[in-house]
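In: one predicted model, sequence on top.
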Amino acid sequence: MPYIVQEDREFYDKDLKQLIIKLHDISHWNPGTVNYVIYRLLLGWWQHDPRYHTICSIMGTLSCVAQEFYRKISALYEDQAIAKNGDIT
């Protein structure tokens, strides 16, 4: 995952924090709502540059985000569950 410079993060973080609060307080992280928000973000990207290259970029970005989430969150969670409950033998 491209780790952007701190100044760029700060530019987006205020708005992202507000969106996170809305998703938590209003929708309680309803998967349909989260899907809608992500889809609208990607649709905006597509509408800004509607060509095959953009489709490839969007699909690649989604793949990288899923892999990074697995690497940083899911794998750690699974390791903790194995430590707590034991591994499958």
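Out: Happy to help now that I have it.

In: what's the helix or strand for the most centrally placed residue in the chain?
Out: Nearest to the geometric centre of the chain sits residue 65, at 5.7 Å (C-alpha atoms, centre = their mean). Using DSSP states H and E, residue 65 sits in helix 52-69.

In: show me what that helix is packed against.
Out: helix 31-48 (3 or more C-beta pairs under 8 Å, 6 or more residues apart in numbering; DSSP states H and E). For every residue, glycine as well, the C-beta is placed using N, CA and C.

In: next one: the residue nearest to the centre of the chain, what pLDDT does it get?
Out: Note on residue 65: pLDDT of 95.

In: one more: residue 34?
Out: So residue 34 comes in at 97 (pLDDT).

In: then residue 2?
Out: 67.

In: tell me how many other residues crowd residue 80.
Out: Residues near residue 80, counting by other C-beta atoms under 10 Å, number 10.

In: and it, what element?
Out: helix 75-85.

In: quick one, what contacts residue 24?
Out: With contacts defined as C-beta atoms under 8 Å, 6 or more residues apart in numbering, residue 24 has no neighbours.

In: state the distance from it to residue 34.
Out: 11 Å (C-beta to C-beta, to the nearest Å).

In: anything in contact with each of those two?
Out: Counting by C-beta under 8 Å, 6+ apart, residue 24 and residue 34 have no shared contacts at all.

In: would you mark the buried spots in the helix or strand of the chain with the lowest mean pLDDT?
Out: Lowest by mean pLDDT, DSSP states H and E among the helices and strands of the chain is helix 6-25, with a mean of 95. Within helix 6-25, no residue is scored as buried using 16 or more other C-beta atoms under 10 Å.

In: mind exporting it as CSV, just the C-alpha atoms?
Out: What follows is helix 6-25, C-alpha atoms only, in CSV (Å, rounded to 0.1, in the frame of the first residue of the first chain):
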residue,chain,number,x,y,z
GLN,A,6,2.1,13.0,6.5
GLU,A,7,1.0,16.3,5.0
ASP,A,8,-1.2,14.6,2.4
ARG,A,9,-2.7,12.4,5.1
GLU,A,10,-3.6,15.4,7.2
PHE,A,11,-5.3,16.9,4.1
TYR,A,12,-7.8,14.0,4.0
ASP,A,13,-8.0,12.9,7.6
LYS,A,14,-10.4,15.5,8.8
ASP,A,15,-13.0,14.6,6.2
LEU,A,16,-12.3,10.9,6.6
LYS,A,17,-12.8,11.1,10.4
GLN,A,18,-16.2,12.8,9.8
LEU,A,19,-17.2,10.0,7.4
ILE,A,20,-16.1,7.3,9.9
ILE,A,21,-18.2,9.0,12.6
LYS,A,22,-21.2,9.0,10.3
LEU,A,23,-20.7,5.4,9.3
HIS,A,24,-20.4,4.4,13.0
ASP,A,25,-23.1,6.6,14.6
